[in-house]
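In: what's the 3D shape of this:
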Amino acid sequence: MEAGTGNASLTLHLARYLYPTGQLHSIDVDPIASAKAKETVANFSRGIYSDVVKFSAGMCSKVLKDDPHLYDGIVLDIPEPSSELSAAISKLRIDRFIICYLPNMNQVLSLFQFIRAQKLPLELSKVLEVQWRPWDVKATVIRSKMGSEPFSVKQLVNKDEIPDEAIGYICRPSHEPTAHTAFLMCLEKTDRNFHVDIQDTSQ
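Out: Numbers count the residues shown, from 1 in each chain. Presented below is the predicted three-dimensional model:
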């Protein structure tokens, strides 16, 4: 189950993973967004994943109240997952996972504190930072292999006259600054209340 269908990009990714025998229940609070997402899935690759995905509109907790199913995995991509976490947990099988997509670390910490304070039956598996890191991959001229005669790289490139032995390749992270990041908080449902090892950092 996913809450926060949005433009259905994650919906399609999950549907690919579940196809052909699995089922995905996608919930969005906005009925217009839900209808557009349903249309997107129906139009993608001739609707191959349409039978895999069921769409619902409304608050996650209200939709799940009348849902008889138990789920093997849940993804919460909503502004405040803490408001829907209890309802989601009630529909999750033991030893299965919930993943929360959170734009900043303050939200990760707030959700962590909420789970601990509420003694929810979850165990924190890991927190992953999701970050786009562009790379430069391009050809370059190794001047030491071009001999001692003066030359213009631009002219030789235009004439396609650079010998193969003088061509090298650059493959390194770009110097562009990272503009955006996000965090995946991975939780697992347990048969006991939330537990975390308290570490002594006084030394």
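In: show me where this protein has helices.
Out: In the chain, the segments counted as helices under DSSP state H are 9-18, 31-43, 60-65, 82-90, 105-118, 153-159.
In: For the fifth one, which outside residues touch it?
Out: Which is helix 105-118. Helix 105-118 has contacts (Cβ atoms under 8 Å, 6 or more residues apart in numbering) with 81-82, 85-86, 100, 102, 122, 124, 127, 183, 185, 187, 194, 196. (C-beta placed from N, C-alpha, C; glycine too.)
In: for these, which one is nearest residue 158?
Out: residue 183 (47.1 Å; Cβ to Cβ).
In: Now do that closest one: how many residues are near it, please.
Out: Neighbourhood size, residue 183 [other Cβ atoms under 10 Å]: 18.
In: got a list of what it touches?
Out: If you count contacts by Cβ under 8 Å, 6+ apart, residue 183 has them with 101-105, 107-108, 127-130.
In: Among these, name the buried ones.
Out: Burial by neighbour count, judged by 16 or more other Cβ atoms under 10 Å, picks out 101-102, 107-108, 127 from these.
In: Just put those in a markdown table and tack on pLDDT and distance to residue 32.
Out: A markdown table is the format used below for the buried ones among the contacts of residue 183 (pLDDT from 0 to 100; distance: Cβ to Cβ, whole Å):
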| residue | pLDDT | distance to residue 32 |
| --- | --- | --- |
| 101 | 95 | 21 |
| 102 | 94 | 25 |
| 107 | 93 | 26 |
| 108 | 94 | 30 |
| 127 | 94 | 33 |
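In: Can you tell me which of these lies closest to residue 67?
Out: residue 101 (21.4 Å).
In: and the gap between the nearest residue in space to the closest one that is not next to it in sequence and residue 171?
Out: Excluding the flanking residues, the one nearest residue 101 by Cβ to Cβ, 6 or more residues apart in numbering is residue 77, at 4.3 Å. Here the criterion is Cβ to Cβ, to the nearest Å. By it, residue 77 lies 33 Å from residue 171.
In: Repeat that for residue 135.
Out: Noted for residue 135: a distance of 7 Å to residue 171, by Cβ to Cβ.
In: isn't residue 125 right up against residue 190?
Out: No - assessed by Cβ atoms under 8 Å, residue 125 is found out of contact with residue 190, at 10.7 Å.
In: ok so, going back, how about the helices of the chain, which one is nearest residue 167?
Out: Using Cβ to Cβ, these put helix 153-159 closest to residue 167, at 10.3 Å.
In: for the chain, what helix or strand is lowest in average pLDDT?
Out: Ranked by mean pLDDT, DSSP states H and E, the weakest helix or strand in the chain is helix 153-159, scoring a mean of 74.
In: who touches that helix?
Out: Outside helix 153-159, the residues that reach it (Cβ under 8 Å, 6+ apart) are 141, 162.
In: just to revisit the earlier point, highest neighbour count among the contacts of helix 105-118?
Out: Neighbour max across those (other Cβ under 10 Å) = residue 187, 29 neighbours.
In: I'd assumed residue 124 was in contact with that residue.
Out: Yes - in this structure, residue 187 is within contact of residue 124 by Cβ under 8 Å, at 6.0 Å.
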